[in-house]
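**Student:** just need the structure, nothing else, for what follows:
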Amino acid sequence: MPQLNPLPWFSIMLFSWFILIVFMPTKVLSHVQPNDFIPMNAKLYNNLNWNWPW
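**Tutor:** Below you'll find the model as predicted:
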């Protein structure tokens with residue numbers, strides 16, 4: 001039963017996890033915006049407090 005021999009598939013699994021753990025965070029973090037983006041046409045609403053007379 002060749003699937004019980006861990007050498008061929010275990011090395012491929014370790015190598016793929018190594019690639020995912022080492023190289024993918026740099027790829028993902030390069031697309032993250034460091035600042036909050038507010039578009040020029042965004043409407044900023046003035047929230048007034050309500051005075052309840054009770």
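
**Student:** Asn5: how many residues sit nearby?
**Tutor:** By other Cβ atoms under 10 Å, the residues close to Asn5 number 9. Heads up, the C-betas are built off the backbone N, CA and C, glycines and all.

**Student:** Ser11 versus that one, what's the distance?
**Tutor:** 11 Å (Cβ to Cβ, to the nearest Å).

**Student:** how close does Phe15 get to Tyr45?
**Tutor:** From Phe15 over to Tyr45 the distance is 53 Å, taken as Cβ to Cβ.

**Student:** ugh, wrong one, Ile12
**Tutor:** Ile12 is 55 Å from Tyr45, by Cβ to Cβ.

**Student:** okay, those two: which has more neighbours?
**Tutor:** Neighbours around Ile12 and Tyr45, counted as other Cβ under 10 Å, are more numerous at Ile12. The numbers are 10 against 6.

**Student:** is Phe23 part of a helix or strand, or is it coil?
**Tutor:** Put simply, Phe23 is helix when judged by DSSP: H, G, I helix; E, B strand; the rest coil.

**Student:** hmm, I typed the wrong one, I wanted His31.
**Tutor:** The assignment at His31 comes out as coil when based on three-state DSSP.

**Student:** look up the pLDDT of it for me, please.
**Tutor:** Reported pLDDT at His31 in the predicted model: 75.
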